[in-house]
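Novice: Fold the following for me, if possible:
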Amino acid sequence: MLGQDNSESFSNPRRWGVLVGASILIFVVYLMQYQISALALLISPELDLDSIELSNLMFIPMLVAAAIGFPLGALADKFGARIVVGLCLFVSLLGAIMRIFAADYSVMLIACMLLGFAPAALNANVMRIFGVWFGPKTNFAIGIYYASSGLGASVAMLASASFGLPATAFGFSAALLAIAVAAWWAIVKDAPPGVSAHIGEHATTKNIFIAARSWCVWCVALITGFGLAAKSAYLSFLPQAVGAVASIQEANELAAFVAYGGIAGCALGPLVCNRFRRTRVFVVIVAVVGSAIMIVSGFLIFRPQAVLFFLAGALSSVTAPIVEAVPTTLASLRGSIGSAGGIIGTVSLLMSYVLPLVITALAAGAPAEMVVLSGACFACTIPFLLFLPGLNRSMKNSNR
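Specialist: Model (predicted):
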């Protein structure tokens, strides 16, 4: 628990409600974000969008989340994650309702910008929330949380078009978000009864300074950033690469195995890791093998294999929940976990936006080369995994 061991608080049954509430929220948030991609063929003619405008609608929530994640994390250190996240959810709910009635690009863009408040607040404070409630099992909780986000994206791609009209699909997701927001306020608390969440221990500027001077925070941010950028680029470029030797439908079906593997990696990776004595050895091996599989798949694109893509998705998803649990074990960050989460969220989201563009430029737009470079991008996590402080200690705590 944020640098303290209190096994009684970690066994509180309410923690499962907190995990379910947060997971349902991130599921709905990612479902809403990826609905734009899934409904692109319907939205573009309806709103008379060009390719740039469509891309803006797809990615603007990510840019908003990167811009405001840092201050939202710092505010949670001062006022608590429940209030900060809860208020941001109302902002996103407003955006979700606006999407239903949006009749032009400008209104839709504003609505999508408002949607970015929910993932910004959630991702900035996931370490604070789960660190208090799950303590040494924080990596497990974060893994389930990330798996839920991947599931939301998958459901959006598979089910959104079945609604027929974009407004109907947007109305359905807005209703789900309203239910999830109500559940958040009813279920989620900042800490178990009698347990301190270390809210307001320092002035906001001091929390920011404490988090910003921690090498652990920046190391986790870079690991998460390289990993998220690599996964995003790999999944985005793979259908184009496979499409050179298969139909578009077959290419998308094969690429979907990356998403399926990602869900499995997020959910099961921490559980497997908890069986090992040395976390660092485990995550480094996973990163080496995962990046190798991603790179090899680019060279073998003429013979696409679903198993290979599943493994690439799974292994590239294991490290994030494990390393993001590390800051919650450090006493030096107690009371500043929200600020730490804000830094990690902002840096990783910016990297996930910029690095795929760099990969595209280096590969000169060649899909197979972009897949290979995505694997090389994931390999960049390895040096930081080797020197991430507190990684093996986090493992000891999880085995108590």
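Novice: tell me the contacts of residue 268?
Specialist: By Cβ atoms under 8 Å, 6 or more residues apart in numbering, the contact set of residue 268 is 143, 314. C-beta: built from backbone N, CA, C; applies to glycine.
Novice: Please identify the helix or strand for it.
Specialist: Using DSSP states H and E, residue 268 sits in helix 248-273.
Novice: gap between that helix and the chain center?
Specialist: Distance of helix 248-273 from the chain centroid (Cα atoms, centre = their mean, to the nearest Å) equals 14 Å.
Novice: what does stretch 244-263 give?
Specialist: Chain-centre distance of stretch 244-263: 20 Å, with Cα atoms, centre = their mean.
Novice: Kindly report the same for stretch 137-153.
Specialist: Using Cα atoms, centre = their mean, the offset of stretch 137-153 from its chain centre is 8 Å.
Novice: same deal with stretch 356-373?
Specialist: Chain-centre distance of stretch 356-373: 23 Å, with Cα atoms, centre = their mean.
Novice: how distant is stretch 327-339 from the center of its chain?
Specialist: Distance, centroid of stretch 327-339 to centroid of chain: 20 Å (Cα atoms, centre = their mean).
Novice: And the average pLDDT for that stretch is what?
Specialist: Average pLDDT, stretch 327-339: 78.
Novice: And stretch 18-30, by the same measure?
Specialist: Per-residue scores along stretch 18-30 average to 90.
Novice: Report how far apart the opening and closing residues of stretch 109-127 are.
Specialist: 30 Å (Cα to Cα, to the nearest Å).
Novice: what about it, average pLDDT?
Specialist: Here the average pLDDT along stretch 109-127 is 89.
Novice: ditto for stretch 154-167
Specialist: Averaging pLDDT along stretch 154-167 gives 79.
Novice: contact partners of that stretch?
Specialist: Contacts to stretch 154-167, defined as Cβ under 8 Å, 6+ apart, come from residues 27, 30-35, 37-39, 42-43, 46, 100-101, 169, 172, 256, 259-260, 263.
Novice: re the thing from before, give me the buried positions along the helix holding residue 268.
Specialist: Neighbour counts over helix 248-273 (16 or more other Cβ atoms under 10 Å) mark 251, 254-270, 273 as buried.
Novice: Just the buried residues from the contacts of stretch 154-167, in PyMOL please.
Specialist: The buried residues among those can be selected in PyMOL (16+ other Cβ under 10 Å) with this line:
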select buried, resi 27+30+31+32+33+34+35+38+39+42+43+100+169+172+256+259+260+263
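Novice: Count the neighbours of residue 322 for me.
Specialist: 28 (other Cβ atoms under 10 Å).
Novice: Could you find the closest non-adjacent residue to it?
Specialist: Excluding its sequence neighbours, the residue lying closest to residue 322 (Cβ to Cβ, 6 or more residues apart in numbering) is residue 139, at 4.8 Å.
Novice: That neighbour in helix, strand or coil?
Specialist: Here residue 139 is recorded as helix under DSSP: H, G, I helix; E, B strand; the rest coil.
Novice: wouldn't it be in contact with residue 318 here?
Specialist: No. At 10.0 Å, residue 139 does not count as touching residue 318 under the criterion of Cβ atoms under 8 Å.
Novice: Need the overlap of contacts for the two.
Specialist: In contact with both residue 139 and residue 318: 270, 273, using Cβ under 8 Å, 6+ apart.
Novice: Give me the three-state assignment for residue 304.
Specialist: coil.
Novice: Report the angle between the strand or helix carrying residue 145 and helix 248-273.
Specialist: Element membership for residue 145 (DSSP H and E) is helix 138-159. With axes from the mean of the first three to the mean of the last three Cα atoms, to 10 degrees applied, the angle from helix 138-159 to helix 248-273 works out at 170 degrees.
Novice: List the buried residues for whichever helix or strand comes after helix 138-159?
Specialist: Counting by DSSP H and E, the next helix or strand C-terminal to helix 138-159 is helix 166-187. Across helix 166-187, burial judged by 16+ other Cβ under 10 Å covers 166-167, 169-174, 176-178, 180-181, 183-184, 187.
Novice: could you list every residue that touches residue 89?
Specialist: For residue 89, the contact set (Cβ under 8 Å, 6+ apart) comprises 25, 117-118, 121, 177, 180-181, 184.
Novice: where does the stretch 301-400 of the chain have low pLDDT?
Specialist: Low-confidence segments of the stretch 301-400 of the chain, defined by pLDDT under 70: 392-400.
Novice: repeat that for 80
Specialist: Within the stretch 301-400 of the chain, the segments meeting pLDDT under 80 span 302-304, 328-336, 338, 353, 365, 390-400.
Novice: Mind jotting down where the helices sit in it?
Specialist: 306-315, 319-324, 337-362, 367-379, 381-387, 391-398 (DSSP state H, counting those that start in this stretch).
Novice: Kindly reformat those as TSV containing distance to residue 19.
Specialist: Below are the helices of the stretch 301-400 of the chain laid out as TSV (distance: least, Cβ to Cβ, whole Å):
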stretch	distance to residue 19
helix 306-315	21
helix 319-324	12
helix 337-362	17
helix 367-379	27
helix 381-387	26
helix 391-398	16
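Novice: out of the ones you listed, which comes closest to residue 79?
Specialist: Closest approach to residue 79 among the helices of the stretch 301-400 of the chain (Cβ to Cβ): helix 337-362, 9.3 Å.
Novice: So which elements touch that closest one?
Specialist: Contacts defined by 3 or more Cβ pairs under 8 Å, 6 or more residues apart in numbering; DSSP states H and E place helix 337-362 against helix 51-79, helix 117-134, helix 204-212, helix 215-242, helix 367-379.
Novice: Of these, flag the one that's most buried.
Specialist: Ranked by mean neighbour count, the helices and strands packed on helix 337-362 are led by helix 117-134 with a mean of 29 (mean count of other Cβ atoms under 10 Å).
Novice: Just the element for residue 192, please.
Specialist: Counting by DSSP H and E, residue 192 is found in no helix or strand.
Novice: residues contacting it?
Specialist: 9, 12, 14-15, 132-133.
Novice: what's the farthest-apart pair in the residues you listed?
Specialist: So, those by Cβ to Cβ: farthest apart are 14 and 132, at 11.3 Å.
Novice: how near is residue 159 to residue 40?
Specialist: In this view, residue 159 and residue 40 are 15 Å apart by Cβ to Cβ, to the nearest Å.
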